[in-house]
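Asks: Kindly return the folded structure for what I paste below:
(one chain, ligands or ions: 1)
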Amino acid sequence: MACPADWFSGGRGIFGQRASFFCASHPTFRLPRSPFCLSAEQATIGIVRRKRVSPQSIHHRTSGDVDRYYRTPLSVQSYDAFNALAARTAVHFFVSQAKKFGSPVLELGAGTGLISWEVAAAGFEIVAVDLSAPMLEQAEEKRAAYGRETGNRIEFIQADMVELALDRRFNLAILPGRSFQHLTTPQEQRATLTNIAEHLHPSGGLVMNLFDPDFLLCLPGARPPSEEHLAQDPASGRWFRRNFLARKTDPLRQIFTEAVRIDALDAHGHANEGEETEWSLRWSHQQEMHYLLELSGFTVEALYSDFIGSPPAYGQEQVWIARRGK
Ligand SMILES: C[S@@+](CC[C@H](N)C(=O)[O-])C[C@H]1O[C@@H](n2cnc3c(N)ncnc32)[C@H](O)[C@@H]1O
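Replies: Have a look, this model is predicted:
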């Protein structure tokens, strides 16, 4: 979904699909269903004005703390704008996995509920966990739109997936939108997977997606993407602009952190609110993930490079399907 991690997978978003953004390098572009049309000059205002941030000033997130990105108001408010469209294919895939493994479903790193609400709407009970209270508030705001019957099948819980301890067992655990990559140490990753195994019935499923790292982009000094993204929130109709200010890569720990600027735009395409934030993601190689899943009590059933079942591929997406047990 159209996140700062786009660059890592060739402009694809956190769901591994091309997102609905517009590139400011195009001479003129019209924003669909928008009262305004930006010229290249207007559209690049964000780039011209944006502050340069030195990679040295970026600090990787402390383990156990939620990324600043998910605590900053505009990042949270614009999440669906940048991700909802690209999430559609992922929704079909995760719903098909719920059909295969059955209710109840546990989602970890559920965010604004882009996937969880659709899983509930498809008839499955789901417990959706996230560490960020503001993201969960956005998710709860959708309750009225989905109606009581669907609402009765979904529960949002604020918790850290690393330390999750629910007194319930599930048939399927899902981590869409690269949530797993916000765990920035191997210890956190292993603790989470072991934890998930303990929350699953025997033979319960685990399905998640990560980006597959492009080695060239993992090098120190690799630059952040230069294009700016514009997107409209599907519910409120508000327009947002996102620019990447700087990027810091730590190949030893397999982490990159990106400084991001998000602006809310008025009807004339001018920024009327803006904020700078950042987030960190840890990349994992395919073989590393395979071993980690096995170590944590899972058997790998399949690895795809997208949500329509394409074979594993370098630099694309890692879509894992695993089952608890040997
Ligand atoms: C990229 S969003 C994905 C949201 C949703 N799964 C989707 O597909 O749209 C990542 C989410 O993971 C959450 N997150 C990060 N670390 C977490 C942790 N340790 N425990 C629970 N949630 C976490 C963030 O707050 C954020 O909402």
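
Asks: Grab the nearest non-local neighbour of Leu193.
Replies: Counting by C-beta to C-beta, 6 or more residues apart in numbering, Leu193 lies nearest to Ser296, which is 3.5 Å off, once chain neighbours are set aside. In this view, the C-beta of every residue, glycine as well, is placed from N, C-alpha and C.

Asks: Count the neighbours of Ala165 for me.
Replies: Residues near Ala165, counting by other C-beta atoms under 10 Å, number 8.

Asks: now do Ile154
Replies: Neighbours of Ile154 (other C-beta under 10 Å): 25.

Asks: Not counting sequence-adjacent ones, nearest residue to it?
Replies: Among residues not flanking Ile154 along the chain, Ala120 sits closest, at 4.1 Å (C-beta to C-beta, 6+ apart).

Asks: three-state assignment of the one you found?
Replies: Three-state assignment for Ala120 (DSSP: H, G, I helix; E, B strand; the rest coil): helix.

Asks: Now do the contacts for it.
Replies: Ala120 sits next to Ile126, Tyr146, Thr150, Gly151, Arg153, Ile154 when contact means C-beta atoms under 8 Å, 6 or more residues apart in numbering.

Asks: ok, which residues in this protein are in contact with the ligand?
Replies: For the chain, the residues in contact with the ligand (C-beta under 6 Å from any ligand atom) are 3, 14, 66, 70, 83, 87, 108-111, 114-115, 129-132, 135, 160-162, 176-179, 182.

Asks: In strands, which of the residues you listed fall?
Replies: Those of these mapping onto strands are Leu108, Val129, Asp130, per DSSP state E.

Asks: Report the rounded mean pLDDT for the helix or strand harbouring Arg242.
Replies: According to DSSP states H and E, Arg242 maps onto strand 239-250. Here strand 239-250 scores 93 as its mean pLDDT.

Asks: For that strand, which helices and strands make contact with it?
Replies: With contacts taken as 3 or more C-beta pairs under 8 Å, 6 or more residues apart in numbering; DSSP states H and E, strand 239-250 sits against helix 45-49, helix 79-83, strand 229-232, strand 255-265.

Asks: Grab the CA positions of the last one and hand them over as PDB.
Replies: Backbone C-alpha positions of strand 255-265 (Å, rounded to 0.1, in the frame of the first residue of the first chain) are rendered in PDB as follows:
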ATOM      1  CA  ILE A 255      16.600  -1.800   8.500                       C
ATOM      2  CA  PHE A 256      15.800   1.300   6.600                       C
ATOM      3  CA  THR A 257      14.100   4.400   8.000                       C
ATOM      4  CA  GLU A 258      12.500   7.100   5.900                       C
ATOM      5  CA  ALA A 259      11.600  10.600   6.800                       C
ATOM      6  CA  VAL A 260       8.300  11.500   5.100                       C
ATOM      7  CA  ARG A 261       6.300  14.700   4.700                       C
ATOM      8  CA  ILE A 262       2.600  14.600   4.400                       C
ATOM      9  CA  ASP A 263       0.400  17.600   3.500                       C
ATOM     10  CA  ALA A 264      -3.300  18.000   3.400                       C
ATOM     11  CA  LEU A 265      -4.500  20.000   0.400                       C
END
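
Asks: thinking again about what came up before, what residues of the strand holding Arg242 count as buried?
Replies: Residues of strand 239-250 classed as buried: Trp239, Phe240, Arg241, Arg242, Asn243, Phe244, Leu245, Ala246, Arg247, Lys248, Thr249 (neighbour count, 16 or more other C-beta atoms under 10 Å).

Asks: What about Gly297, how many residues nearby?
Replies: Applying other C-beta under 10 Å, we find 18 residues neighbouring Gly297.

Asks: what's the answer for Gly109, then?
Replies: For Gly109, using other C-beta under 10 Å, the count is 26.

Asks: was I right about it contacting Gln181?
Replies: No: contact between Gly109 and Gln181 fails when scored by C-beta atoms under 8 Å: they sit 9.3 Å apart.
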